[in-house]
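Trainee: Okay, sequence plus prediction incoming.
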Amino acid sequence: MGHVFLVGDSIFDNAAYVGSQPPVIEHLHRAFPPGWGATLLAVDGASAIDVREQLRRLDDSATHVFVSAGGNDAYNASGVLGERVLMVAEAVGLLAKAQARFRQDYQDLLGALLAVGKPVTVCTIYDAIPGLGEAERTSLALFNDVIVRSAVEALVPVIDLRMVCDQAEDFSDISPIEPSGHGGAKIARVIGQVVAQHDFSLRGGGTNVFTGSAGSGM
C-alpha cells in the first residue's frame, strides 16, 4: 500500500480545464489498487518557489512525492522574448539570466523535497502545446535542461512530459497550456508506472526517465 502526493502547478491541478472529464487526481484514484491513496497539494499558477509552501502539508502517510514545476516560471519569464536587442548574443544573455534564476529556485525546491525524506519524482515541462511558437519552445528547452540536470545530480527519476503529452488532444480546449482529461489520464498512467517500476532504494544506479512506455536508465 502507498500514498502518492502531487505537488506543483496546474499540470496536476487541472480540474478547472477538463470540463466533465476527470482531472489527474481522479484518474489516479481510479487507477490505483485498493489500499492506495493520492492527495493533491498542487495549486494552479504555482511557480517553483511557491511549491515549497505546499510541502508543509505533506504528512507521514506519504510514500511517494511527484512534482511538476517550471511551466509558470517559464511563462513569467516569457517577456524576455519581446525585448529589443541589437545582437543575438544579447538575446542569449537575457535567456541565460532567466535560466539562472530558475535554476536557483528549482534547485532550492528540489533540496527541500529531498529533505522531506520521501521518494521524489520530477516532471519536465511539455512543449507540444498547440500554437506554441518556435521561440517559446526553444526557451522551454532551457528550463527543461535545468530540471533534467537537477534530477540527474540528485539521482531522482524523471517523467518526461514532452514525450507523454505529445498530441493535440492531450491539451485542454479551455486553455491549451493545460492538460486535457485525455492528457491527464496519460500523466496518471505514467505516475503509476513510476510507482510500480522504479526502485527508489537504488539511488546509485542513475536517473530513470519515464515517457509512458518503458523507463530507460540515464
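Mentor: Here it is on my side, so go on.

Trainee: State the phi and psi torsions of the residue minimising distance to the centre of the chain.
Mentor: Averaging the C-alpha coordinates of the chain gives a centre point, and the residue nearest to it by Cα atoms, centre = their mean is Ser68 (2.5 Å). Note on Ser68: backbone dihedrals following degrees, to the nearest 10 are phi -120, psi 110.

Trainee: what's the neighbour count on the closest residue in space to Phe200 that isn't next to it in sequence?
Mentor: Beyond its immediate neighbours in the sequence, the residue positioned closest to Phe200 (Cβ to Cβ, 6 or more residues apart in numbering) is Pro119, lying 3.9 Å away. For every residue, glycine as well, the C-beta is placed using N, CA and C. Close neighbours of Pro119, defined as other Cβ atoms under 10 Å, add up to 22.

Trainee: ok so, going back, isn't the residue nearest to the centre of the chain right next to Asp44, touching?
Mentor: No - with contact defined as Cβ atoms under 8 Å, Ser68 and Asp44 do not form a contacting pair (11.4 Å).

Trainee: what touches both of these two?
Mentor: The overlap between the contact sets of Ser68 and Asp44 (Cβ atoms under 8 Å, 6 or more residues apart in numbering) consists of Asp9.

Trainee: Show me the longest helix that occurs in the protein.
Mentor: Once the chain is assigned using DSSP state H, the helix that runs over the most residues is helix 88-116.

Trainee: Roughly how far does Ala98 sit from Ala77?
Mentor: Between Ala98 and Ala77 the distance, using Cβ to Cβ, to the nearest Å, works out to 4 Å.

Trainee: intersection of neighbour lists for these two?
Mentor: Overlap of the contact sets of Ala98 and Ala77 (by Cβ under 8 Å, 6+ apart) consists of Ser139.

Trainee: count of neighbours near Ala74?
Mentor: 20.

Trainee: Which of the residues in the helix or strand containing it are classified as buried?
Mentor: Counting by DSSP states H and E, the element that carries Ala74 is helix 71-76. Using 16 or more other Cβ atoms under 10 Å as the test for burial, helix 71-76 gives Gly71, Asn72, Asp73, Ala74, Tyr75.
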